[in-house]
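Asks: Return a 3D structure for these sequence lines:
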Amino acid sequence: MNPHDDPGIGMLRIPPHSTESETGVIGALLLDNRAWDRVGDILTAGDFYRHQHQVIFEAIAVLVNSSKAADVLTVFAHLQRSGKAEDAGGLEYLNSVAQFVPSAANIRRYAEAVRERSILRKLITVSDEISASAFNTEGKAIATILDSAERQIFNIGQHSGRQSDDWKSLDQGAIKLLDWLQEATNGNYKPDYTQTGFKELDERLDGGLRGGELVVLGARPSMGKTAMGMNIVKHIALHEGMPCGVFSMEMPDIQITRRLMSTVGSIRLDKVRRPERLNDFDWSNVSKAVESMRNMDISFVDQGGLNINQIRSKARALARRKGKLGVIMLDYFSLITGTDPKIPRAYQLQEASMGLKSLAKELNCPVIVLQQVKRDVEGRADQMPVMSDLKDSGSLEQDADAIIFVHRPAKADAKLGDEWKHLAQVSVPKLRDGETGFFNLYWAGEHQVFVDWPATMEVPSNRVRTSRGGDL
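Replies: Numbers count the residues shown, from 1 in each chain. Next up is the predicted model:
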């Protein structure tokens, strides 16, 4: 009886695979070890469906990576030493595989076919696991099951994009740069930066924020780091016309929206909180603010306790829906949870820091991360923070392209007079491609606004600037 005539056989779900492609890859490698460079970046032994092929490919990998010849005899000898010769089908099978293809010319296509079917098998496995979890929740919360499912799919996608040759030659880079310089000189090239709205900060950033950058904005509580971050987001959304994303893990979206209305409409924040205090003039500004806010493409996530995988997933979803993002802001870093809560907190935050930098590069947009600084600064005469003052600073300090600190002397020292209440000092102690230094901003607390310090206004100077950049 022909097995293909058996209806039971037809109902079996045989996982996707291509024995011919797998045999083609191994046969080509046995013929020409130099072909390894064309497949070693996209294939692992686990990508092969047949067990014999997994064992043979692994043996070839060991020999080639040890700069040893990998032909039928040397591979068979290696398998004998490791006790896997029978698992590989023996010398006869090895010899038949080596004769399967006439050359290694098409090995790349064979490898891609093997990889594609490997991904399909992984998707089937993960789908079965997700289905089983949905049928039997074992008391788990729906949110936990959803997160697990998304993470499993994400991991497949993350590891399926390996490409052949990521090396880029200097001559190509030089030509590309020359083209960019000529276009920019002719005024036909769009700037590769996005302005923040703060003149001196943009000057230090050589124009503004750039895609792929991780920017840390730090301060003690109530110094205005959230306000400054939102001022940048507002400027990019309103004046640059670009969509922005805000992860507000500390404040609910209504609180952020109130602050934006106060900022955009020049309405005192206490009046936005207490509508009964609004007068007719304020209501006119409310109407104007709402009209402006409707033209600002800003999206919020106010869910607390997110881990880096959840943050990246939500950011990707926003980018797919909106297109290129102007900026992503996260408030604030220490509230990110680890994907594995059992590992030490330091490793969880290292994972988050590296993940945020990776996200900035992947989406080609700047990521601004807000973070508090340690209480130790309050005991110093000069209270302007330095990089080591960042909470959980190790990985964040290392991964950041720029670090910016905000300090308001009047907030730190209640004895200072009224002339100090609007002064905000800004320190830029790290700037990967620019000049570090200090500058001043004007703080209008009733509107939650920072603006450039007016050129006609004298900066309070009854204190002495120290080497750290603060005042005594």
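
Asks: Can you tell me, leaving aside adjacent residues, what's nearest to the residue most central in space within the chain?
Replies: Residue closest to the mean C-alpha point of the chain, counted by C-alpha atoms, centre = their mean, is L359 at 1.4 Å. Distances taken as C-beta to C-beta, 6 or more residues apart in numbering put R312 closest to L359, at 5.2 Å, once the chain neighbours are dropped. All C-beta spots, glycine's among them, are computed from the backbone N, C-alpha and C.

Asks: contacting residues around the one you found?
Replies: F154, G355, S358, L359, E362 (C-beta atoms under 8 Å, 6 or more residues apart in numbering).

Asks: any idea how far it is from G83?
Replies: Using C-beta to C-beta, to the nearest Å, we find R312 at a distance of 43 Å from G83.

Asks: What ranges does the stretch 301-450 of the chain have for its helices?
Replies: Remark: helices assigned in the stretch 301-450 of the chain by DSSP state H, counting those that start in this stretch are 308-322, 345-363, 393-399, 409-412.

Asks: Quick check: the closest residue in space to I145 that isn't next to it in sequence vs A143, distance?
Replies: With C-beta to C-beta, 6+ apart as the criterion, I145 has its nearest non-adjacent residue at 5.3 Å, and that residue is S133. As defined by C-beta to C-beta, S133 lies at a distance of 13 Å from A143.

Asks: out of these two, which sits in the busier spot?
Replies: Here S133 and A143 are compared on neighbour count by other C-beta atoms under 10 Å; more neighbours surround S133, at 17 against 10.

Asks: Now do the SS call for that one.
Replies: helix (DSSP: H, G, I helix; E, B strand; the rest coil).

Asks: how much space between R268 and R259?
Replies: According to C-beta to C-beta, R268 and R259 sit 12 Å apart.

Asks: Domain ranges for this protein, per the record?
Replies: According to automatic domain parsing, the chain comprises the domains 11-163, 193-452.

Asks: Could I get these in CSV, plus columns for mean pLDDT and distance to I175?
Replies: Converted to CSV, the domains of the chain look like this (pLDDT from 0 to 100; distance: least, C-beta to C-beta, whole Å):
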stretch, mean pLDDT, distance to I175
domain 11-163, 86, 22
domain 193-452, 87, 21
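
Asks: For A174, which of the ones you listed is the nearest?
Replies: When the domains of the chain are ranked by proximity to A174, the top entry is domain 193-452, at 18.5 Å, counting by C-beta to C-beta.

Asks: how far out from the middle of the chain is the closest one?
Replies: Its chain's C-alpha centre lies 16 Å from the corresponding centre of domain 193-452 when counted by C-alpha atoms, centre = their mean, to the nearest Å.

Asks: give the contact list for the nearest residue to N285 once chain neighbours are set aside.
Replies: Taking C-beta to C-beta, 6+ apart as the measure, N285 lies nearest to G265, with 4.2 Å between them; neighbours along the chain are not counted. If you count contacts by C-beta under 8 Å, 6+ apart, G265 has them with N285, V286, K288, A289, S292.

Asks: And Q398, by the same measure?
Replies: S353.

Asks: looking at the helices of the stretch 301-450 of the chain, which is closest to E435?
Replies: Using C-beta to C-beta as the criterion, the shortest distance between E435 and those is 18.6 Å, found for helix 393-399.

Asks: buried stuff in that closest one?
Replies: Residues of helix 393-399 classed as buried by neighbour count (16 or more other C-beta atoms under 10 Å): S393, S395, L396, E397, D399.

Asks: I'd assumed I403 was in contact with the fourth one.
Replies: Yes - counting by C-beta atoms under 8 Å, E397 does reach I403; the two are 7.0 Å apart.

Asks: Need the residues touching each of the two.
Replies: When contacts are counted by C-beta under 8 Å, 6+ apart, the set common to E397 and I403 consists of V216, M387, L390, K430.

Asks: who's more crowded, R268 and R259?
Replies: Residue environment comparison for R268 versus R259 gives the larger neighbour count to R259, 21 against 18, counting by other C-beta under 10 Å.
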